[in-house]
Each structure stands twice: as structure tokens, then as C-alpha cells.
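A.B. asks: coords please:
(one chain, ligands or ions: 1)
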Amino acid sequence: MQLTERNMGKSLCTLAAVIFLGGFFNVAQLTDDTTTEVHLLLNSTSTAASVTVQLQHHSTAKTTPTAAQKLHTTAVTTKKLHRKNISRDSEEENNGEKKHASKTDEKKTQLDCPPLGLESLRVDDSQIRASSSQRSGLGPHRGRLNIQSGISDGDLYDGAWCAEYKDQNQWLEVDAIYLTLFTGVVLQGKNSIWSWDWVHTYKVQLSNDSVTWKTCMNGTEEAIFEGNQNAWSPVLGVLPVPTVARFIRINPQTWYINGTVCLRAEILGCRVHGDIYSSEQDLGSKDPLDFRHHNYNEMRKLMKSVTKECPDITRIYTIGKSYTGLKLYVMEISDNPGKHELGEPEFRYVAGMHGNEALGRELVLNLMQYLCKEYKKGNQRVVRLVTDTRIHLLPSMNPDGYEEAYKKGSELAGWAEGRYSFEGIDLNSNFPDLNNIMWDAEEMAIDKSKVSNHYIPMPEYYTQEDAMVSPETRAVISWMEDIPFVLSANLHGGELVVSYPFDCTVGWAPQEDTPTADNAFFRWLATVYASTNLVMANPNRRLCHHEDFQVHNNIINGGAWHTVPGSMNDFSYMHTNCFEVTVELSCDKYPHASELPIEWENNKESLLVYMEQIHRGIKGVVRDKMTKQGISDAVIKVEDHDHDIRSAVDGDYWRLLNPGDYKVVVWAEGYFPSMRRCHVGMQPRATICDFTLTKTPLQRLKEIRAKGLKIPQDFLQLRLRALRLRKLRATTKVLNQRRVGQRTLREERKARGA
Ligand SMILES: [Zn+2]
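C.D. replies: Got it, this is the predicted structure:
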């Protein structure tokens, strides 16, 4: 997902820095306060290994209970609200890593109840009301945590709810529909590049009927909650006494002096089921997967457990380290892990390039567990996929960024925290821009068709040691060069759309449709994912922020969305054989753990069916006619597709294509080119199109000479025959020419009437 909030922060640098520091201290202080408060009021028991928050002590807090609370007091006394285990990795091998992870655990903010879903859109627009609104684009339906505004001020999709009046009688109301134990409010300022608005302090009111309201009390006084100090950092306000009600109001008291009453919010609450307070949403998925957010150590542990469960089809390896030294782990899933099998295509999913876009990471972790379990069960679809494909899963390309976001947690990380690498690099524009190199070469060339349309080498500046290239990017580039990947997807979050290359526009246009030579296939790939994702495919879904991708069936060309020079998608296509798209998985970049089962269900089919697309088009082996050895680096040209691909080390190749008939020419240095017609059908099975190439005599001679060997008899005879043939042809040509000349002469004489 693109970024507006951080960009804004950068452009308003000096002022922002002051405000940001203010915000930082506020959050830090609040985190501490929160912890104490929860402990004090909920009297939770806490050990080094786990924190268990029990509700039974709520009734001991000396405050006036609401009617609903009275109703439920007896039930409350015996039910556990929430259990949160803070797991520590006891089997740490690496000290540096250990330090990193335990720090993360300690600082993590504990939230008692999950969000109602203003951010995730689980809460419908109709459930949010307000006292007044500045205009429809700033209506109550925009008062959602992390909602992003459009670029123009005052449009239909502005960045918050803003009240029409600047007084203390304004409120934003949320109807939870069910009786709910409200535990907290998360508040955030307005997202805008034109104005600054946020609420400093507010009160909270609760009601069962939306007519009679009770203000939240702190002892005998009305509780005043600390709100925001800047426009982007979310701040948690914990209710002194968790209270059962159906409606909740946020009632701003003070706000940024030069601004107005604007806010974005999330409400925390547990739904009351009969006499049980449940912090869990409906289970959401029947798959027995580990649905929670996994920090670095927990991720390692989980991956290890998958290899333990399925040792025959899995292997963990690392492709490098992050800036702070966290390893970039990859899970390989294949019937023969650890080796490339001739003709078997290689697939990859990359998640967490933007560290705070945490859903992709969990989905990839879910996917590895799922593939392992289903393979063992004998699920035919999974068995086939694992047998015919070598799958590589990188759940976290930017683990440093993730750990930063994880410290704040799913509700308090905001929109940008943890997006960048530790050095502040956006990894999705950190790859070399090969598009402009190719386009420039094409522009300069007299014959455009002579310019290479694939395997564009990296520019020299990029490979230098002091180049501004993050270790994470370097690791992924060498991974891409090592393995003959055919298909990939890059998992992001914060929107619901699948974008396909090119991401970079021609001539630096901020937005312009920039298709590749494989546009039709890329559109197919994007559509495969988008049409099977349960949320994207729902025609009645609400916009995430301000852009309507549904009008394009939830797919878009990257350049048509916003230009990104040096993106991973473009690099993958220009530098390697691998086709890659970007999937924006959900409106919420970092959904609460309780949303993970449903998000898995939303994406499960898409993740599987997308991998299966690797078996489309044509594939085969390019071999030497004499030796039957595979020829590496052979160029596979498909007529009318100005993008070639190359064979891998063993001579095998994969050319993704839509159904149709194709003229394919294969060319390799030192060989005569070979042409075949290959038919691609509708079924997802690649057509086998093998090629056998004959070495040119010149090449044979070269090789023989290079080896310092004697030129073999048969070869000499062949050469001799070829020479004789050539001589014969030449003499025949001369004879024929002479004959034609004589005939002409005769005819001329005849014509002269001799
Ligand atoms: Zn992203």
C-alpha cells in the first residue's frame, strides 16, 4: 500500500519533528499507565511466562455499575475474559536475537478486548452516527482508525470524522448492535495533507438505548481521556471500569488549538454471549492453524514445528539477514526439498516487505501449516501442488520493521510505523530501476528489435558496495538470481486490490497505465487472485479508503495506480524469468489477531489457486542434439510477445501464456535456432514443448580448438563434404548463369530477325 501519512510527516519536516516527539513521549507514557491501570483495576495475576486477566475482580472496583453491568455481575465473577500468553523462546541459539525478541514482548501493549472493527470494516457505516458533520466527506462513516483521505481536500473521502461545530457537545457514536463489554477507545487525528486536526482530551459515554447516556467515571469524577498529540499516532484510552452497554460515544473536550473537532477511532469491546464475555470472534475457520501474530521468535518456532510435522516435504533455509541481524527465513515445500527437479517450476510468496503490513506474514505462516497438514491427510489438490511445484515461502522480508510495529500491536502501530527497514528504506522502491534502462536503450536504438527485452543487467552504480541498497533487498536479489522462479506474489496490506507490472511509468508520469509485453497474462494472474478473494469478490463491500478498485474488478496496473520506480515486481520481470504481482490483502494493514481466522478463509482459495497458475503456458527442456545435455541460458522467444525468457541450468524452461497457438523460437549461442508451434489449452496444465538444438559447425570447431584436441576424422569429412557442396553449388550457379546468358543471347539474335 502506498503511503500518505509518513510522506506528509516528511514534507512538513521541522514542525512534524516537534509534534512527533510530543507524540512519542505521550505514547510511551500512556503505555506504562495502561499497564498499571489494567493491573490495578483488573487486579490481574502476572508471571514472567503469562498474563491472565480475570474479570472476576471487576465488581470489586468501587464505582456505580450501569444497569447492564448489574445484570451481568454474577456471570462476570466466574468467567475469564482473556488469556494472553507471552511466550519466550527458551531454545534460543543467538543472543542478539534473544535480546531483540524479549524486548519486544515486554513493550507490547496489552489490550483486553478486540476491536469492534471500525478499521476492519466489520462495523458497518450504518452503525456509526455523529452529533454533526462538517460535510459528507467528513461524515461519521469516516471516523475509522487509519482511514486514509484522497489527495484533494474536501472530497467525498476525507480523512476523519469532523464535527460541524467547535464545542464540547459533539460526539461520535458507535452502535455495537449486541450487548458489549466496552474496555477502551483508540483515538487518532485526521489524515490530511492540508490541515492538522486532532482531539486532545475526550469523555466516553455509554448507553443501552442511545437515549439515556451515562458518562464513564473515574472514581467520583467524570473520566477525562488523553487523546492525540499529532495527526497520525493512535492513542489507547482504557475505560477505568469495563462496562457493558450497546452504544458508546466519544465526546471531545479539547482539541488542537488551530484545528477543529476531528477524529478517527476504534472501539475495544467483548461481545456478551448469554452469560459469557468472549474476547474471541466467531471461530471463523475450521482449519486447525495457529491463528495469532507471531513475532520473530514465535515465527521461527512455528516454522520449526512445521518441519517437525512434515519433515519429508519441508526445509527451512535463510537467504540473508536484516540490518539488525534477524535472519530472513524461507520455508521450502516440495516433494523433494532441497533440490531443483528437472521441469518442476519454482514458486515464491514474499510477505512483510513493509514490516507493518502484518497480515501477509500470518497468511504465509498459515499456508505452510495448511499445506503440511493437508498433504499428510492426502488432500489430492495439495498433494498434486506439492508434488509438481517447488514452493518457497518468505513470511518476513523486513523483520526489523515488523518487530517495530509488533511492539505497538495491531491497534496502536498506526499507518506507517514499521513500514520501512531499520535504515528507513522503503524496500519496494529499493530494487534497481531496469525499466528506464531498457526504455532509454530502445529510444536510442536505430533498430528497436535489437534491444534486449529481458534479463536486463543491473547498473554498475547499484552493485557498488556503498550503494543505498538495504541488506534485505540484496538478499532477495541474490535469492531471485539463484533459483529459477517462474511465478511469485508480493503480499502487502492496507487496500484490497491486486496490482500487476509495470509499476514504473514511462517518463515519470505520476499515474499512467504502463503494460508489459505480457499484459494479458498479468491481468489473468491478478484476476485469479482478486476473483477468489472472498472480500474483493463481494460486490457490496465498502471502499477501504478513497479509491474504488471495484470498478476495475479489483485489479489495476501498478503504473495506473501510482508510479513506483525500482519495485520488486518490475525487477523480477525485467531481471529474471519470474512474473510477480502485488496483492493488497485487506483494508487493515495489521488486523487484530481475532480477525486472522476469517482473513485466512478470505484468502485461502486465492493463495492456492494463484500458485496453481504456475502450471499454465508451455514448458520443456532445451537439449543439445548430440549430447542430449540440457542447454542453459537458451532464449525462448514467443512470436508477438516482446519479452523472452531463458532456460535454467539444466535446460528446462517455463513460459507462462494464456490459452492459444504460439510460434516459439529457441535460440542459444553456438546453435542453430529451432522453431516449433505450441498449443496452450484452457486446462491448467503446461503444454510440453521440448527443443533440440544443433550446434553450428563453427561452434564445434571452436570448442574442439579450445580444448586443444585433434579435429576428429568424421568432423573433417563433414567439413570436407560441406566445402564440396558449397563448391558444387557455386559452380552450378555459375553454369546456370552462363546458360541463362546464352539463352538470352540466342533470343536476341532471333529477335533481330537473323
Ligand atoms: Zn505495502
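
A.B. asks: which SS class is Phe247?
C.D. replies: Following DSSP: H, G, I helix; E, B strand; the rest coil, the label given to Phe247 is strand.

A.B. asks: quick one, what contacts it?
C.D. replies: Residues near Phe247 by CB atoms under 8 Å, 6 or more residues apart in numbering: Glu173, Val174, Asp175, Ala176, Leu206, Ser207, Asn208, Asp209, Ser210. (Glycine included, C-beta is placed from N, CA and C.)

A.B. asks: at 6 Å what do you get?
C.D. replies: Asp175, Ser207, Ser210 (CB atoms under 6 Å, 6 or more residues apart in numbering).

A.B. asks: Which of these fall in strands?
C.D. replies: Those of those mapping onto strands are Asp175, Ser207, per DSSP state E.

A.B. asks: Switch the contacts of Phe247 over to CSV; also include distance to the ion.
C.D. replies: Listed next are the contacts of Phe247 as CSV, based on distance: CB to the ion, whole Å:
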residue, distance to the ion
Asp175, 32
Ser207, 39
Ser210, 38
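
A.B. asks: and which of the contacts of Phe247 is nearest Glu374?
C.D. replies: Nearest to Glu374 among the contacts of Phe247: Asp175, at 40.3 Å, using CB to CB.

A.B. asks: for that closest one, which residues make a bridge with it?
C.D. replies: Phe247 (DSSP bridges).

A.B. asks: Looks like it contacts Ile128 (just checking).
C.D. replies: No - judged on CB atoms under 6 Å, Asp175 makes no contact with Ile128 at a distance of 7.7 Å.

A.B. asks: more neighbours, those two?
C.D. replies: For Asp175 and Ile128, the more surrounded residue by other CB atoms under 10 Å is Ile128, and the numbers stand at 21 against 18.

A.B. asks: any idea what sits nearest the more buried one, other than its immediate chain neighbours?
C.D. replies: Spatial nearest neighbour of Ile128, excluding adjacent residues (CB to CB, 6 or more residues apart in numbering): Pro140 at 4.4 Å.

A.B. asks: Got phi/psi on Ile704?
C.D. replies: Here is the backbone geometry of Ile704 (degrees, to the nearest 10): phi -60, psi -40.

A.B. asks: Val498 - that's part of a strand, no?
C.D. replies: Yes - Val498: assigned to a strand according to three-state DSSP.

A.B. asks: so it bridges to which residues?
C.D. replies: Ile555, Val583.

A.B. asks: buried residues in the one helix or strand Val476 maps to?
C.D. replies: For Val476, the element it lies in under DSSP states H and E is helix 471-482. Buried residues in helix 471-482, counted by 16 or more other CB atoms under 10 Å: Pro471, Glu472, Thr473, Arg474, Ala475, Val476, Ile477, Trp479, Met480.

A.B. asks: and if you look at stretch 206-219?
C.D. replies: So for stretch 206-219, counting by 16+ other CB under 10 Å, buried means Leu206, Ser207, Asn208, Trp213, Cys216, Met217.

A.B. asks: And that stretch, how far out from the chain middle?
C.D. replies: Centroid separation for stretch 206-219 versus its chain: 42 Å, with CA atoms, centre = their mean, to the nearest Å.

A.B. asks: residues in contact with the most centrally placed residue in the chain?
C.D. replies: Nearest to the mean C-alpha position of the chain, by CA atoms, centre = their mean, lies Leu491 at 1.6 Å. Taking CB under 6 Å, 6+ apart as the contact definition, Leu491 lies against Ala351, Gly360, Val583, Leu585.

A.B. asks: ok, and the most crowded of those?
C.D. replies: The most neighbours of any of those, using other CB under 10 Å, belong to Leu585, which has 32 neighbours.

A.B. asks: That one and the ion, how far apart?
C.D. replies: With distances taken as CB to the ion, to the nearest Å, Leu585 is found 10 Å from the ion.

A.B. asks: That residue and Asn533: what is the separation?
C.D. replies: 8 Å (CB to CB, to the nearest Å).

A.B. asks: residues shared between the contacts of these two?
C.D. replies: In contact with both Leu585 and Asn533: no residue, using CB under 6 Å, 6+ apart.

A.B. asks: Could you find the closest non-adjacent residue to Gln369?
C.D. replies: Leu289 (4.8 Å).

A.B. asks: tell me the pLDDT at the nearest residue to Ile250 once chain neighbours are set aside?
C.D. replies: Of all residues not flanking Ile250 in the chain, Leu172 sits nearest, at 4.9 Å (CB to CB, 6+ apart). We have a pLDDT of 98 for Leu172.

A.B. asks: May I have the phi/psi pair for Leu172?
C.D. replies: phi -120, psi 130.

A.B. asks: So the closest residue to the ion within the stretch 51-200 of the chain: helix, strand or coil?
C.D. replies: Across the stretch 51-200 of the chain, no residue is closer to the ion than Gln148, which sits at 12.7 Å (CB to the ion). Classification of Gln148 by three-state DSSP places it in coil.

A.B. asks: what's the burial count for it?
C.D. replies: Gln148: 23 surrounding residues under other CB under 10 Å.

A.B. asks: Would you report the backbone torsion angles of the closest residue in space to it that isn't next to it in sequence?
C.D. replies: Nearest residue to Gln148, sequence neighbours excluded (CB to CB, 6+ apart): His545, at 4.1 Å. Dihedral pair for His545: phi -130, psi -80, per degrees, to the nearest 10.

A.B. asks: Mind picking the two most distant members of the buried residues of helix 471-482?
C.D. replies: Checking these with CB to CB, the most distant pair is Pro471 and Met480, at 15.0 Å.

A.B. asks: returning to what we had before: so the residue nearest to Ile128 sits right up against Trp161, yeah?
C.D. replies: Yes - assessed by CB under 6 Å, Pro140 is found in contact with Trp161 at 5.1 Å.

A.B. asks: joint contacts of the two?
C.D. replies: Common neighbours of Pro140 and Trp161 (CB under 6 Å, 6+ apart) are Ala130, Leu172.

A.B. asks: Looking at these two, which has the bigger crowd around it?
C.D. replies: Set Pro140 next to Trp161 and count neighbours by other CB under 10 Å: Trp161 wins out with 27 against 21.

A.B. asks: what pLDDT does Asn26 get?
C.D. replies: 31.

A.B. asks: And Arg655, its phi and psi?
C.D. replies: For Arg655, the backbone dihedrals (degrees, to the nearest 10) come out as phi -120, psi 100.

A.B. asks: How many residues are close by the closest residue to Gly343 other than its chain neighbours?
C.D. replies: Among residues not flanking Gly343 along the chain, Asp652 sits closest, at 5.1 Å (CB to CB, 6+ apart). Burial of Asp652 is recorded as 22 neighbouring residues (other CB under 10 Å).

A.B. asks: The one 10 residues further on now?
C.D. replies: The burial count assigned to Tyr662 is 20, neighbours taken as other CB under 10 Å.

A.B. asks: Against the ion, how distant is it?
C.D. replies: 35 Å.
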